[in-house]
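Participant: missing the sequence, but the structure's below:
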């Protein structure tokens, strides 16, 4: 589904990804771990299409299509969802408005009509209930005054409504208490299916207790230096990142 | 540059021919003030960003052509569209003349309405352009609010320039009795293909412990010029919430003077201005804190796109002895075009000791991070721009102090913003 080949990317003069390759198939859950500054968030932003990151070489294809040629909104409509590490507060834009606009943008791309307002609200409330979110959040400004945990739940709500083919969750687990972590994990697990893939970008093994990954990759200095199954995450937890870094430098 | 001068001889002649309705002494005082001071020019500190040539040109042409007035009777439908859509007690001034049907049929016993000519007493604000207003005023409205009102008071100033260049004056003197409360809607609209200059004066005297909520909407034709002075005095522990929405007009200048000479007064006022190609919108506010404790806070926001210029100048003077003053000012601007210009100037003059004053001014473009966030959710760039532009204005629209007029304001702002950024109208934004 997602094929990344020898990807190099920089922001300003600083090259952050130094030739990264990754292959994600439908039905799989991949975890990308690594220390601060290793390029995890850059990878997530590049896949979503952020302008600040310039791709200097390499290819990214999504279901055979050249992803790098698409604008961020086209990637979203094609089925890519990025759960932000720092969801943006947008006072003055109603949360329900954004959800509906996002769903309708995708439906339009699929040649479908606009979502029925009643059905939309019903579905949004159902999803919110499973995430433990108060329905009042629908009428608040997007992420406006939300706590860290509420913002992350709101990202998962957007994901649940958009039903992406490929979801990338950038440190969605950071700063969450155990209840929020469980709610987020439940939201992610509910999305798992043979047609979809999920990439979890995370610092900690903790999230992987709730979402079982098929593969774990360790990113260091802009490259994947080690890949393995779930046991790699446990090993990392025990031995720290220095171990991988040293192994990579040898 | 030599500023264009008003033809004072033509003005005298036109004033001389106004009906003798007891306003002669006001007109004399006003003419004398104008004679001495002239109209403000770019050399005056308070007027340095706003060139009044267009206004002088329109006025001189109108004066020279014998001060024609638009024939009455063609404006009824346009006026009814507004007065029928907002449930208020309406007073209407059409082309500078008080509409008899409105002030003659008032149902609300808490309002007493009269005209300046009913009990003539000189009424002249000796301030720039307010003097011109008093010189040319046909008649003014005087409102006395004694108790709780059944409905908000609506003051509609409607001008049509359909047949010739027009110049019109409106003046309303409002007195809110101690302890009373009132909601006031001031609505300025114009249409017509000819040039027009409208000049308004509002004096608002708020008694002790009284509460006033005031909304001012200016949605004039993009061809027309308006200047307005709002002069407000608050009594002890009086409370004022006010908001201004400037959505149309070619050259707009608003002066708001607020005088706090009694302790315990609390004033909060907002202003939203939306400007596109060829527009110039200037907001000058001045708050005189003469005693403390008292609070004033203002927040002005502007959205500018195309070749246009806006001015915000917020002055707060904390006079000697006005301890316990709390004055805050904020002005935020969204510039969507390199051709748009904003002059933002906070001015704090503090002569007292125990005071709390703050000001903040920002000028910027749309937040790139927010734009990316919206696009990453599938909204195209134009839609994302539209959403963020509306969001910038939303707070000031949603907290319009007079609740029943919020829907109207929301509609006009949505429409104007869609025009400004060339986007489709989206009725769900701002709601």
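Facilitator: Noted; the coordinates are in hand. Predicted model only: the values in this text are computed from it and were never measured.

Participant: who does residue B:301 bridge with?
Facilitator: Following DSSP bridges, residue B:301 is listed with bridge partners residue B:272, residue B:332.

Participant: contacting residues around it?
Facilitator: B:270, B:271, B:272, B:273, B:331, B:332, B:333, B:334, B:392, B:393, B:395, B:396 (C-beta atoms under 8 Å, 6 or more residues apart in numbering or on different chains). Using the backbone N, CA and C atoms, a C-beta is placed for each residue, glycine as well.

Participant: swap in residue B:289?
Facilitator: B:260, B:296, B:316, B:317, B:318, B:319, B:322, B:325, B:327, B:352, B:355.

Participant: 7 Å - rerun?
Facilitator: B:260, B:296, B:316, B:317, B:318, B:319, B:322, B:325, B:327 (C-beta atoms under 7 Å, 6 or more residues apart in numbering or on different chains).

Participant: before we move on, back to that, greatest separation within the contacts of residue B:301: which pair is it?
Facilitator: In these, the most distant members under the criterion C-beta to C-beta are B:270 and B:334, with 15.5 Å between them.

Participant: Pass me the low-pLDDT residue ranges in the stretch 301-431 of chain B, would you?
Facilitator: B:431 (pLDDT under 70).

Participant: For the stretch 201-350 of chain B, which residue gets nearest to chain A?
Facilitator: residue B:301 (10.7 Å; C-beta to the nearest C-beta).

Participant: If you count neighbours, what's buried in stretch A:126-139?
Facilitator: The neighbour-count check on stretch A:126-139 (16 or more other C-beta atoms under 10 Å in any protein chain shown) flags A:127, A:128, A:131, A:132, A:133, A:137, A:138 as buried.

Participant: er, stretch B:325-343 I mean
Facilitator: Those would be B:325-337, B:340-342, for stretch B:325-343 by 16+ other C-beta under 10 Å.

Participant: Same check on stretch B:213-228?
Facilitator: Those would be B:213-221, B:223-228, for stretch B:213-228 by 16+ other C-beta under 10 Å.

Participant: what does stretch B:186-203 give?
Facilitator: For stretch B:186-203, by 16+ other C-beta under 10 Å, it's B:186-192, B:194-203.

Participant: Also stretch B:148-155?
Facilitator: Taking 16+ other C-beta under 10 Å as the criterion, stretch B:148-155 shows B:149, B:151, B:152, B:153, B:154, B:155 as buried.

Participant: mind giving me JSON lines with those and columns for pLDDT, secondary structure and distance to residue A:184?
Facilitator: Formatted as JSON lines, the buried residues of stretch B:148-155 follow (pLDDT from 0 to 100; DSSP: H, G, I helix; E, B strand; the rest coil; distance: C-beta to C-beta, whole Å):
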{"residue": "B:149", "pLDDT": "91", "secondary structure": "coil", "distance to residue A:184": "52"}
{"residue": "B:151", "pLDDT": "93", "secondary structure": "coil", "distance to residue A:184": "51"}
{"residue": "B:152", "pLDDT": "95", "secondary structure": "coil", "distance to residue A:184": "48"}
{"residue": "B:153", "pLDDT": "95", "secondary structure": "strand", "distance to residue A:184": "53"}
{"residue": "B:154", "pLDDT": "96", "secondary structure": "strand", "distance to residue A:184": "52"}
{"residue": "B:155", "pLDDT": "97", "secondary structure": "strand", "distance to residue A:184": "54"}
